[in-house]
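> Let me see the structure of the following:
(2 chains)
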2 protein chains.
Amino acid sequence: MTKSIDFYFDFISPYTYLAHKKIDLLKKKKKIIFNYKPILLGGLHNLEGIIAPAFIKPKLKHMMSDCSLIAKKNNFDFTWNSKFPLNSLNIMRGYIFINPDVKNLYLNIMFDAYWKHNMDISNKKILISLVEKCKININNFFEDAHQNQKIKNELKNLTKEAHNKEIFGAPTFVVNNKLFWGQDRLEYALDEYNK
Amino acid sequence: MTKSIDFYFDFISPYTYLAHKKIDLLKKKKKIIFNYKPILLGGLHNLEGIIAPAFIKPKLKHMMSDCSLIAKKNNFDFTWNSKFPLNSLNIMRGYIFINPDVKNLYLNIMFDAYWKHNMDISNKKILISLVEKCKININNFFEDAHQNQKIKNELKNLTKEAHNKEIFGAPTFVVNNKLFWGQDRLEYALDEYNK
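From the prediction side, this is the model:
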């Protein structure tokens, strides 16, 4: 079996964007396989009865400055999305729908659109331009990714599966069935990976 | 004005214990003044409508392993308190009551009792032995610290004051009116302090 790190993500989460950037840097130095596992963070919170920081005023305020500081410390470009929390449902379904060979490009383009370029990914025109950059057939993307019941169910099921594994937030790293929550914990996930 | 870092704490919080240990190490190397600000974490959460991780099953489970890993990485002795979340009200009131010259000793003894020696600080016999170690008059401690309306109000007011400053968790560092939440963020608080 190939050793790897599972990475539970939702584009909606700024901390997940920061973790994604850290993973990107790491992959340039080391050969580590990260399995990106799409989930709906809102759905996961609902399953556990958790109120997201986005809906707790002082937590949201702290998260905004905290993310900027983390980005600065790591030399990542970062802009708080002025329409946060913009619903990520369509782009999460899209990730499941697209072919494996464009998934990595799609990850980079969508994460950057949300958390680097402050784009309104709920705007169809903007979304079309982003999807086109990934060389994905627009018609299929909008018809299949967003209407196809199989894709809809898959995202739901992946979220339920995460909940069953006692995952409660994003990003979460899973190594040897152990959970590491938060971009701060990539280092701990790597410790477990290198054991 | 003396430059300093405010440190909002409650003995009940394992992450605050870990932050306290980090501060202890730091103070051996550098002259930085930390103002310990007692609050009731449960009260603070109630004021903001936050459900503590202690009451969200998968969060609690993660917190337990996470704290152990942080302790291990930093070479701190740490034992999860088997009676967590043991009410810290009496020892928090005690901190306000005692004289400034024993506050530091009291901090170390109470934090270690809770998070190093797995002691039941709600047991009066155990608490007496801990207070005696601090060379505090037992009778005064139990009569005044726990019955005195002024002390009771002071802890309540300090908690409300923290809430008014948009503090929502512990530990929280405050430097130049900026909040840094979590033991992970001591480094960021120091960056602000050294600006």
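
> ok, residues contacting the worst-scoring helix or strand of chain A on mean pLDDT?
In chain A, no helix or strand scores lower on mean pLDDT, DSSP states H and E than helix A:146-147, which sits at a mean of 73. For helix A:146-147, the surrounding residues in contact (Cβ atoms under 8 Å, 6 or more residues apart in numbering or on different chains) are A:90, A:93-94. C-beta: built from backbone N, CA, C; applies to glycine.

> ok, and the most crowded of these?
Counting neighbours by other Cβ atoms under 10 Å in any protein chain shown, A:G94 comes out on top of the contacts of helix A:146-147 with 25 neighbours.

> wait, what's in contact with the nearest residue to it once chain neighbours are set aside?
Among residues not flanking A:G94 along the chain, A:A145 sits closest, at 4.5 Å (Cβ to Cβ, 6 or more residues apart in numbering or on different chains). By Cβ under 8 Å, 6+ apart, the residues touching A:A145 are A:90, A:93-94, A:96-98, A:151.

> Can you give me the distance of A:A145 to A:L26?
29 Å (Cβ to Cβ, to the nearest Å).

> One more: A:K59?
Distance from A:K59 to A:L26, by Cβ to Cβ: 28 Å.

> Who has more neighbours out of those two?
Under the neighbour definition other Cβ under 10 Å, A:K59 and A:L26 were set side by side, and A:K59 has more, 20 against 15.

> Chain neighbours aside, what residue packs nearest to the more buried one?
A:P53 (3.9 Å).

> Quick check: the one you found touching A:L60?
Yes - the pair A:P53 / A:L60 is scored as a contact, 5.8 Å apart, by Cβ atoms under 8 Å.

> Where helices are concerned, which of the contacts of helix A:146-147 count?
A:90, A:93-94 (DSSP state H).

> Between those, which sits nearest A:P14?
Relative to A:P14, the closest of the ones in helices among the contacts of helix A:146-147 is A:N90; by Cβ to Cβ it sits at 18.6 Å.

> Could you measure from the residue lying closest to the closest one once chain neighbours are set aside over to chain B?
With Cβ to Cβ, 6+ apart as the criterion, A:N90 has its nearest non-adjacent residue at 5.6 Å, and that residue is A:H146. Per Cβ to the nearest Cβ, to the nearest Å, A:H146 is found 30 Å from chain B.

> who does the host helix or strand of A:L26 touch, helix- and strand-wise?
Element membership for A:L26, per DSSP states H and E: helix A:14-29. Identification of packing neighbours for helix A:14-29 by 3 or more Cβ pairs under 8 Å, 6 or more residues apart in numbering or on different chains; DSSP states H and E yields strand A:5-9, helix A:57-73, helix A:100-115, helix A:186-193.

> quick revisit: residues shared between the contacts of A:P53 and A:L60?
In contact with both A:P53 and A:L60: no residue, using Cβ under 8 Å, 6+ apart.

> So the two - more neighbours on which side?
Applying other Cβ under 10 Å to A:P53 and A:L60 shows that A:P53 carries more neighbours, namely 23 against 14.

> looking at it, A:I98 is touching A:N137, isn't it?
No - the pair A:I98 / A:N137 is not scored as a contact, 9.7 Å apart, by Cβ under 8 Å.

> interface residues of chain A facing chain B?
A:48-51, A:56-59, A:61-62, A:65-66, A:69, A:73, A:166-168, A:178-181, A:184-185, A:188, A:191 (Cβ under 8 Å from any Cβ of the partner chain).

> what about burial for these, which qualify?
Buried members of the residues of chain A next to chain B, counted by 16 or more other Cβ atoms under 10 Å in any protein chain shown: A:48, A:50, A:56, A:58-59, A:62, A:66, A:69, A:167-168, A:179-181, A:184-185, A:188.

> tell me the secondary structure for the closest residue to A:K61 other than its chain neighbours?
Using Cβ to Cβ, 6+ apart and skipping the chain neighbours, the partner closest in space to A:K61 is B:E166 (6.3 Å). Following DSSP: H, G, I helix; E, B strand; the rest coil, B:E166 is assigned to coil.

> Quick check, B:E166 in contact with A:P58.
Yes - B:E166 is within contact range of A:P58, at 4.0 Å (criterion: Cβ under 8 Å).

> what secondary structure does A:G169 sit in?
coil.

> any chance of the ones in helices among the contacts of helix A:146-147 in CSV, plus distance to B:L158 and pLDDT?
Output for the ones in helices among the contacts of helix A:146-147, formatted as CSV (distance: Cβ to Cβ, whole Å; pLDDT from 0 to 100):
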residue, distance to B:L158, pLDDT
A:N90, 46, 91
A:R93, 48, 94
A:G94, 49, 93
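
> So, low pLDDT: which residues of chain A?
Across chain A, the ranges flagged by pLDDT under 70 are A:1-2.

> Find the helix or strand that A:N35 is a member of.
strand A:34-38.

> need the next SSE after that strand, C-terminal direction.
In N-to-C order, the element after strand A:34-38 by DSSP H and E is helix A:41-48.

> Contacts for that next one next, please.
A:10, A:12-13, A:50-52, A:88, A:156, A:159-160, A:162-163, A:167-170, B:56, B:58.

> hey, C-alpha coordinates of that helix in PDB?
The C-alpha trace of helix A:41-48 is given here as PDB (Å, rounded to 0.1, in the frame of the first residue of the first chain):
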ATOM      1  CA  LEU A  41     -17.700  22.100   5.700                       C
ATOM      2  CA  GLY A  42     -21.100  23.600   6.400                       C
ATOM      3  CA  GLY A  43     -22.700  20.100   6.100                       C
ATOM      4  CA  LEU A  44     -20.000  18.700   8.400                       C
ATOM      5  CA  HIS A  45     -20.600  21.400  11.000                       C
ATOM      6  CA  ASN A  46     -24.400  20.800  10.800                       C
ATOM      7  CA  LEU A  47     -23.900  17.000  11.400                       C
ATOM      8  CA  GLU A  48     -21.900  17.800  14.600                       C
END
